[in-house]
Each structure stands twice: as structure tokens, then as C-alpha cells.
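Pasting the sequence and the predicted coordinates here, then a few questions.
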Amino acid sequence: MLVQSLVLGSIQIAISVSVNATIAFTAGSIALFLSTRPNWTLVQRYLMGTVLAGLAVRMAVEARRT
């Protein structure tokens, strides 16, 4: 039982580390891409602002329903 727990825990840790490393490297690549292209940064800002505004409107509408 102890060996099985250690093996499963090690597998979970290995998978978590690899997924987190992939996310970190991808985020770094995206940041590098956006830093060298200011127009893409502007598009990203407006897109994120639109998404956040949409979420705010949705929350306001749902708050009135209840």
C-alpha cells in the first residue's frame, strides 16, 4: 500500500510539474510575442476589456433576476 501511494503521488507530481512548466513557457512565449508587437498588445487590451465588460453586464442582469 505504501509503495502504491508513493508511485501514484510521484506520477501526479510529475504530471503537475510538466503541465505547469508548459503553461509557464507558453505564457513567456506569448509575452515575448506581445512585447515585440505593440498592435497586438492593443488588440489584447481591448479584447480583455470587452470580455470583462460583458461579464459585468451579465452579473448585473443576473443580480436583477434574483
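Structure's in. What do you need?

Pick out the residue closest to the middle of this structure.
The chain has I23 as the residue nearest its centroid, 8.0 Å off, counting by C-alpha atoms, centre = their mean.

Report the separation between that one and V3.
Separation of I23 from V3 (C-beta to C-beta, to the nearest Å): 31 Å. From N, CA and C alone the C-beta is placed, and that goes for glycine too.

before we move on, the earlier item: sort out which residues of the helix or strand where the residue nearest to the centre of the chain lies are buried, please.
Using DSSP states H and E, I23 sits in helix 2-36. Residues L34 are the ones in helix 2-36 that count as buried (16 or more other C-beta atoms under 10 Å).

Give me the next element, helix or strand, following that helix.
helix 38-65.

Give the rounded mean pLDDT of that next one.
On average, the pLDDT along helix 38-65 is 92.

Tell me what angle it forms with helix 2-36.
For helix 38-65 against helix 2-36, the angle by axes from the mean of the first three to the mean of the last three C-alpha atoms, to 10 degrees is 120 degrees.

and helix 38-65, what does it pack onto?
Contacts defined by 3 or more C-beta pairs under 8 Å, 6 or more residues apart in numbering; DSSP states H and E place helix 38-65 against helix 2-36.

how far out from the middle of the chain is the helix it packs on?
The chain centroid and the centroid of helix 2-36 are separated by 13 Å under C-alpha atoms, centre = their mean, to the nearest Å.

and that helix, what does it pack onto?
In this structure, helix 2-36 makes packing contacts with helix 38-65, judged by 3+ C-beta pairs under 8 Å, 6+ apart.

since we're on R45, how many residues are nearby?
11 (other C-beta atoms under 10 Å).
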